[in-house]
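A.B. asks: I would like the atomic coordinates for the input below:
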Amino acid sequence: MQLTEVIDQLKQLSNPTHKEGMARFGIDASRAIGVNIPQLRTLAKLHKKNHELALALWKTGIHEARLLASMIDDPKQVTEEQFDSWTKDIYSWDLCDQTCSNLFQHTSYAADKIIEYSTHPEEFIKRTSFVLMACAAVHNKKADNMLFLPFLDVIEREAYDERNFVKKAVNWALRQIGKRNSTLQQIAIETARRIAQQPHKAAKWIAADALRELENRKVKN
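C.D. replies: Now for the predicted structure:
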């Protein structure tokens, strides 16, 4: 009954104009009904930490139901099987980013999945790796610098990937790691300079964009 009620609530909030607008941001709206993120967050407050409902919402395949699922699931109850299964289901950058930010980064599997997914052939599974890096850099305030050094090695190694949603995530991760503190800023700049020497168009774009921000930014120690 609860699942039916939530789906009904989503349908009541749906807006065809919003769905049409999603395409302008490069979002795959083929499974969407047109509910914006602020509305989903308001609805999520009514169902926080509801693992069973989250699983049921995800299974519906509705874009916004899956976004909502990522907002209400309990990271402590997420299994590795669920982590892998949901990642395989991701088909749009916003679903990837929201699921990583709302849920995946808070699970015990995040660091391992960053490494595991970083070479995956599927575009959005690979993107998940680098979005998780960016999330860790932004939100894991207490993390030691040592956590991020292997990530910078992965970023350098994978900067060749020309696929749009991968290269943008690689760039995002590099910039966010470099903005944590002055030590990581310098290491990220050095990483970006090496990336710039790679004979790949994606690598040169990633490096130039990151250097533009990091070389002109004052970062606290």
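A.B. asks: so the most centrally placed residue in the chain is in which element?
C.D. replies: Centroid check for the chain by Cα atoms, centre = their mean gives Asp97 as the closest residue, at 2.9 Å. Counting by DSSP states H and E, the element that carries Asp97 is helix 93-102.
A.B. asks: which strands or helices does that helix pack on?
C.D. replies: helix 63-72, helix 123-139, helix 164-178 (3 or more Cβ pairs under 8 Å, 6 or more residues apart in numbering; DSSP states H and E). In short, each C-beta sits where N, CA and C put it, glycine included.
A.B. asks: average model confidence for the first one?
C.D. replies: The one in question is helix 63-72. The average pLDDT within helix 63-72 is 98.
A.B. asks: just after it, pick out the following helix or strand.
C.D. replies: Per DSSP H and E, helix 63-72 leads on to helix 80-89 as the next helix or strand towards the C-terminus.
A.B. asks: what's in contact with that next one?
C.D. replies: 55, 58, 66, 99, 104, 107, 109, 113, 117, 122, 124-125, 128 (Cβ atoms under 8 Å, 6 or more residues apart in numbering).
A.B. asks: let's see that with 10 Å instead.
C.D. replies: Contacts to helix 80-89, defined as Cβ atoms under 10 Å, 6 or more residues apart in numbering, come from residues 51, 54-55, 58-59, 61, 66, 69-70, 73, 75, 78-79, 95-96, 99-100, 103-104, 107-110, 112-113, 116-117, 120, 122, 124-125, 127-129.
A.B. asks: the one helix or strand in the chain whose mean pLDDT sits lowest: what's the following helix or strand?
C.D. replies: The helix or strand of the chain with the poorest confidence is helix 16-22; it has a mean of 88 (mean pLDDT, DSSP states H and E). Downstream of helix 16-22, the first helix or strand assigned by DSSP H and E is helix 37-44.
A.B. asks: in stretch 56-66, which residues are buried?
C.D. replies: 56-58, 60, 62-66 (16 or more other Cβ atoms under 10 Å).
A.B. asks: chain center to stretch 147-160, what's the gap?
C.D. replies: 16 Å (Cα atoms, centre = their mean, to the nearest Å).
A.B. asks: residues contacting Arg193?
C.D. replies: Here Arg193 is in contact with 207, 210-211, 215 (Cβ under 10 Å, 6+ apart).
A.B. asks: how much does the strand or helix carrying it deviate in direction from helix 123-139?
C.D. replies: Assigned by DSSP H and E, Arg193 falls within helix 182-196. Relative orientation of helix 182-196 versus helix 123-139 (axes from the mean of the first three to the mean of the last three Cα atoms, to 10 degrees): 150 degrees.
A.B. asks: what comes up buried for helix 182-196?
C.D. replies: 184-185, 187-189, 191-192, 195-196.
A.B. asks: just the C-alpha atoms of the next helix or strand after that helix, please, in PDB.
C.D. replies: Later in the chain than helix 182-196, the nearest helix or strand by DSSP H and E is helix 201-214. This file holds the C-alpha atoms of helix 201-214, laid out as PDB (Å, rounded to 0.1, in the frame of the first residue of the first chain):
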ATOM      1  CA  LYS A 201      41.700  15.200 -26.600                       C
ATOM      2  CA  ALA A 202      39.800  14.300 -23.400                       C
ATOM      3  CA  ALA A 203      42.900  14.400 -21.300                       C
ATOM      4  CA  LYS A 204      43.900  17.800 -22.600                       C
ATOM      5  CA  TRP A 205      40.400  19.200 -21.900                       C
ATOM      6  CA  ILE A 206      40.400  17.600 -18.400                       C
ATOM      7  CA  ALA A 207      43.800  19.100 -17.600                       C
ATOM      8  CA  ALA A 208      43.200  22.500 -19.000                       C
ATOM      9  CA  ASP A 209      39.800  23.000 -17.200                       C
ATOM     10  CA  ALA A 210      41.200  21.700 -13.900                       C
ATOM     11  CA  LEU A 211      44.300  23.900 -14.100                       C
ATOM     12  CA  ARG A 212      42.300  26.900 -14.900                       C
ATOM     13  CA  GLU A 213      40.500  26.500 -11.500                       C
ATOM     14  CA  LEU A 214      43.200  25.100  -9.300                       C
END
